[in-house]
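Visitor: A structural model of the following input is requested.
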Amino acid sequence: MVLLQRLYRMKSRLPVMMTVMMIMMVFCCSRLPCRLPVPLEPQPDTCVASTALNHPLLQRTNGKVQRMPGDVLEVDLEGASWQPWTEPGNCSKYLTRFGRRLSPVLLVSLPCSGNTWLRYLLEGATGLFTGSRYFDDHLHHGGFLGEGVTMDKGRTLLHKTHGATLEPFTHDLLSRYLEVDPNLPTVLLIRDPARAVLSYYKLVKLIGGDRHRAEIPESKFRSEEFRDFVTDVTLLWEELAMDRLLWTTKPLYVLHYEDLTANPIHHLRLLLDFLSVPTDEGRLTCLAAHLDGSFRRNSSRAFDPFTQEEKLRFVQAVTRVNNLLRLLGYPLIPTP
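Guide: This next block holds a predicted model:
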């Protein structure tokens, strides 16, 4: 009898309980960003997920440097200048000078990835000095008068930085982020990691004015110091590329050193277009006749100091960077 009485009371309360549940459901739905089922054909006012075409990372791929108001690539005719080609002839008339109110652009690379040579090509092609976060006295005396000139001066076409890849090495995420401004247009110069590591080690071990071009004894590459250097710098090479590909918010141009060496004038034209700098055919003609510059290391000896484990690390790092390059629509690292 007691059980029947309880069931009767529950039955009499059932409409009230259902009403309360309905009110709670309506309240919860009003608080949540719930929507009606999305139709198969997206409507203009329908919020849809980002696609490959409108993703912010992909929008940088085909972007260009937007010159700031007042930046008309003006040359400072009263300041210091440099004559890149001194032999008698038509090319001797060209000078390199500082600019006025130039828009900031970064040149990011691992050391010894061809950044000095690329700066020489750009200065010859445009007549504008490039800058550097660092001051190398030998480069300055060799005509790179933008060494040490801060980017906020607006006097240089672009500004070299190596990010967090200089000694003492660090792989700390925050340090890497703070080293390079992600909110500036950027040229990312990438070189095959094995060749870059080899050249970087030479630069570290050499001193004096010829350190950018000289060689070191092969015995230097058989030390534990070199083994540790390879491990550290291989990781730095990958981190630098990944960080710029993922963190840069402004137009990003990826240039591979091997592509540049294979066809320098062609890739220089593409880079000038990215920088929104008009092409000077007379300068390019002279540059084509003087491609090397003064600080390019031309090593002809075939030398392979790497272990099989180190070579595997190179392959794995290149594969990971290539996967991201492919995803974002950039050219892949050329096969050595």
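Visitor: low-confidence ranges in the stretch 201-336 of the chain?
Guide: Along the stretch 201-336 of the chain, segments meeting pLDDT under 70 span 208-214, 295-301.
Visitor: the strands in it, which residues?
Guide: 252-256 (DSSP state E, counting those that start in this stretch).
Visitor: and if you look at the stretch 51-200 of the chain?
Guide: Using DSSP E, counting those that start in this stretch, strands in the stretch 51-200 of the chain cover 74-75, 81-82, 96-97, 99-100, 106-109, 131-132, 159-161, 186-190.
Visitor: show me what the fourth one is packed up against.
Guide: In terms of contacts (3 or more CB pairs under 8 Å, 6 or more residues apart in numbering; DSSP states H and E), strand 99-100 is packed against strand 74-75. Where C-beta positions appear, they are placed from N, C-alpha and C, glycine not excepted.
Visitor: what's the strand it packs on packed up against?
Guide: So strand 74-75, by 3+ CB pairs under 8 Å, 6+ apart, packs with strand 99-100.
Visitor: name every sheet partner of the strand it packs on and say whether each one runs parallel or antiparallel.
Guide: Sheet pairing for strand 99-100, assigned by DSSP bridges, gives strand 74-75 (antiparallel).
Visitor: how far off centre is the strand it pairs with?
Guide: Centre-to-centre, strand 74-75 and its host chain are 26 Å apart (CA atoms, centre = their mean, to the nearest Å).
Visitor: ditto for stretch 93-101
Guide: 25 Å.
Visitor: dump it to PDB, restricted to CA.
Guide: Only the C-alpha atoms of stretch 93-101 are listed here, as PDB (Å, rounded to 0.1, in the frame of the first residue of the first chain):
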ATOM      1  CA  LYS A  93      79.100  54.800 -61.700                       C
ATOM      2  CA  TYR A  94      76.900  52.900 -59.200                       C
ATOM      3  CA  LEU A  95      77.000  53.700 -55.500                       C
ATOM      4  CA  THR A  96      75.400  52.200 -52.500                       C
ATOM      5  CA  ARG A  97      73.900  54.700 -50.000                       C
ATOM      6  CA  PHE A  98      71.700  54.900 -46.900                       C
ATOM      7  CA  GLY A  99      68.000  55.500 -47.300                       C
ATOM      8  CA  ARG A 100      65.400  57.700 -45.600                       C
ATOM      9  CA  ARG A 101      62.300  56.500 -43.700                       C
END
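Visitor: average pLDDT for it?
Guide: Mean pLDDT, computed over stretch 93-101, is 98.
Visitor: any regions of the stretch 51-200 of the chain where pLDDT drops low?
Guide: Checking the stretch 51-200 of the chain against pLDDT under 70 turns up 51-56, 59.
Visitor: recalculate using a threshold of 90.
Guide: 51-62, 167 (pLDDT under 90).
Visitor: so which residues of it form helices?
Guide: Assignment of helices within the stretch 51-200 of the chain using DSSP state H, counting those that start in this stretch yields the ranges 56-59, 115-126, 137-141, 173-179, 193-205.
Visitor: bridging residues for the closest residue to S132 other than its chain neighbours?
Guide: Nearest-residue entry for S132: K160, 4.3 Å, with adjacent residues in sequence omitted and distances by CB to CB, 6 or more residues apart in numbering. Beta-bridge partners for K160, by DSSP bridges, are L107, S132.
Visitor: now do the phi/psi pair for the residue nearest to V318 when sequence neighbours are not counted.
Guide: In space, and not counting its chain neighbours, V318 is closest to I333: 5.5 Å by CB to CB, 6+ apart. The phi/psi pair for I333 (degrees, to the nearest 10) reads phi -70, psi 120.
Visitor: quick check: I333 vs I265, distance?
Guide: I333 sits 21 Å away from I265, going by CB to CB, to the nearest Å.
Visitor: likewise I190?
Guide: For I190, the distance to I265 - CB to CB - is 20 Å.
Visitor: and those two? Which one has more around it.
Guide: I190 (29 against 14; other CB atoms under 10 Å).
Visitor: which residues touch the spatially closest residue to that one that is not a sequence neighbour?
Guide: Distances taken as CB to CB, 6+ apart place H256 nearest to I190, at 5.4 Å, with adjacent residues excluded. By CB atoms under 8 Å, 6 or more residues apart in numbering, the contact list for H256 reads L189, I190, R191, P331, I333, P334.
Visitor: I'd like to know which of these are buried.
Guide: For the contacts of H256, a burial check counting by 16 or more other CB atoms under 10 Å picks out L189, I190, R191, I333.
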